[in-house]
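Enquirer: turn this into a model:
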Amino acid sequence: MENNKIAVGLDIGTTKIVAMIGRKNEYDKIEVVGIGKAKSLGVKRGVVSNITQTIQSIQQAVDEAESVSGVKIEEVVVGIAGQHIRSLHHSDYITRNNADEVIDENDIEDLVNQVHKLVMLPGEEIIHVLPQEFKVDSQADIKEPIGMYGGRLEANFHVVVGQVSSIRNIGRCVKSAGLGLNEITLEPLASASAVLSQEEKEAGVALIDIGGGTTDLAIFKDGIIRHTAVIPFGGNVITDDIKEGCSIIEKQAELLKVKFGSAWPGENKETEIVSIPGLRGREPKEITLKNLSKIIHARVQEIIEHVYLEIKNYGHETAKGKLIAGIVLTGGGSQLKHLRQLVEYITGMDARIGFPNEHLAGDSDETLSSPSYATAVGLLMEGLEKGFKEEEVEEVEEEIIEEKPEDSIKEEVEPIPEAKPVPKKKSFFEKFTEGLKDFLDNAE
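Expert: I've put the predicted structure just below:
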């Protein structure tokens, strides 16, 4: 495998920053050649709060990944999340000048560009415009209008909005760490591509990614993303509650949560006690596991109810919006004992834990298939996909150059329709990334 087929996913989380280098093997699975981790010090609830510390953490993660893999990292695919992300639904239409011509990509682009002109709150910017269903004249529920005749083209859109400053801060950190921005992706979408199957996306599924600072939600139905939300609570608030409730330091609270924590208080008996060493010669503290799980249960219940409210807002109780595949839990917080049972109890929906191992090569390190790496694996997949698409377009263009016979003027004049490369339509995210790159280049 050549190095040019290598991609890098950079997950800037609230608790950790992960740089993952990988490539595709001959079976089209992802082979992770290097991974670097660093404690995230300058990020709170998914938003950069300290530029200098974030840059240092990114450099630390990247250096570690480089030394493990022996590959020099130049460009990365970065995920964005954070409490500033919100989504809304919007319908828009265009009236076409000539109804006798078939609808093409340009018409859809005009419609998408029109949505971009929506007036947002000060400091907000549209990150993503995702068409749902189209309507041509009076014919509704069309998934692909290209090639159809019609005078009025209408569509429902899922619009993702975020704060300009937060997005630019992430871009600034990546650039200052000496890296190029290959692409920016919404983190719930990256996690979704790592842990959800196409069948689940078709049937209807809610992905809940419980991170350290935020809980991300992405709802899919009929293979299309229908709803996204970022809830500003995650695993860290559970740790804070344990710290306050048991009067211990944060490090001990985190260890307690990971080792003995459970989201279901009925599981523990009153007699189960864990002893915590006291600070500087003080007496050790004794904490009952029953109390510990009560504290965890209260906070986890609040997080799940917030998420369930978003699922209800999407309309999962309607026949059209039914989520047949239920809920998939991923992210570091999903490893909490009995969380799945609690989610099923609160929502009445089937749930499973999502592991990103389906896309990884068989001989991958077991730790990589942990739900806490779902976003990093998704970002890496995104980078590899993008690389392969660009390569395909280049190959097709090369073939055309080779196929032109030198002696035949007729063939020189008439292009071969089959061999014409399909122009790679830039997604809005790519355009947005390019705009962000320009902004950062021009910034002092």
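
Enquirer: can we go C-alpha only for contacts and neighbour counts from here?
Expert: OK.

Enquirer: what residue is smack in the middle of this structure?
Expert: Residue closest to the average C-alpha location in the chain (C-alpha atoms, centre = their mean): residue 187, at 2.1 Å.

Enquirer: contacting residues around that residue?
Expert: Neighbouring residues of residue 187 by C-alpha atoms under 8 Å, 6 or more residues apart in numbering: 79-81, 216, 375, 379.

Enquirer: mind redoing it with 10 Å?
Expert: Going by C-alpha atoms under 10 Å, 6 or more residues apart in numbering, residue 187 touches 11-13, 78-82, 209, 216-218, 230, 374-376, 378-379.

Enquirer: least confident secondary structure element in this protein?
Expert: Ranked by mean pLDDT, DSSP states H and E, the weakest helix or strand in the chain is helix 409-413, scoring a mean of 43.

Enquirer: if we can go back for a sec, strands - which of the contacts of residue 187 land there?
Expert: Under the assignment DSSP state E, those contribute 11-12, 78-80, 209, 216-218, 230 to strands.

Enquirer: if we take these, which one ends up nearest to residue 293?
Expert: When those are ranked by distance to residue 293 (C-alpha to C-alpha), residue 209 comes first, at 21.1 Å.

Enquirer: quick check, that closest one in contact with residue 372.
Expert: Yes. Residue 209 lies in contact with residue 372 (C-alpha atoms under 10 Å); the separation is 9.0 Å.

Enquirer: what is in contact with these two at once?
Expert: Common contact partners of residue 209 and residue 372 (C-alpha under 10 Å, 6+ apart): 191, 330-334, 354.

Enquirer: just the ones of those residues in strands?
Expert: Using DSSP E, these in strands are residue 330.

Enquirer: list buried residues within the shared contacts of residue 209 and residue 372.
Expert: Buried members of the shared contacts of residue 209 and residue 372, scored by 16 or more other C-alpha atoms under 10 Å, are 191, 330-334, 354.

Enquirer: which one of the ones in strands among the contacts of residue 187 sits closest to residue 49?
Expert: Residue 49 lies nearest to residue 12 out of the ones in strands among the contacts of residue 187, by C-alpha to C-alpha, at 12.2 Å.

Enquirer: pretty sure that closest one is touching residue 373, no?
Expert: No. At 11.6 Å, residue 12 and residue 373 do not qualify as touching, with contact defined as C-alpha under 10 Å.

Enquirer: neighbour-wise, which of these two wins?
Expert: Between residue 12 and residue 373, counted using other C-alpha atoms under 10 Å, the more crowded position is residue 12 (29 against 22).

Enquirer: which other helices and strands contact the helix or strand harbouring residue 38?
Expert: Of the helices and strands defined by DSSP states H and E, residue 38 is found in strand 30-39. Strand 30-39 sits against strand 7-12, strand 16-24, helix 51-69, helix 374-403, with contacts defined as 3 or more C-alpha pairs under 10 Å, 6 or more residues apart in numbering; DSSP states H and E.

Enquirer: check the offset of that strand from the chain's centre.
Expert: 17 Å (C-alpha atoms, centre = their mean, to the nearest Å).

Enquirer: give me the pLDDT for residue 144.
Expert: Looking at residue 144, its pLDDT reads 88.

Enquirer: residues contacting residue 223?
Expert: With contact set as C-alpha under 10 Å, 6+ apart, residue 223 has these partners: 197-205.

Enquirer: the same query, at a cut-off of 6 Å, please.
Expert: Shown in contact with residue 223 (C-alpha atoms under 6 Å, 6 or more residues apart in numbering): 201-202.

Enquirer: could you list the low-pLDDT ranges of this protein?
Expert: The chain contains residues with pLDDT under 70 at 1-4, 267-268, 387-444.

Enquirer: just the buried ones among the shared contacts of residue 209 and residue 372 now: which is nearest residue 112?
Expert: For these, the nearest to residue 112 is residue 191 (25.0 Å; C-alpha to C-alpha).

Enquirer: okay, now the nearest residue to that closest one once chain neighbours are set aside: neighbour count?
Expert: Computed as C-alpha to C-alpha, 6 or more residues apart in numbering, the closest residue to residue 191 that is not its neighbour in sequence is residue 375, at 4.4 Å. By other C-alpha under 10 Å, the residues close to residue 375 number 33.
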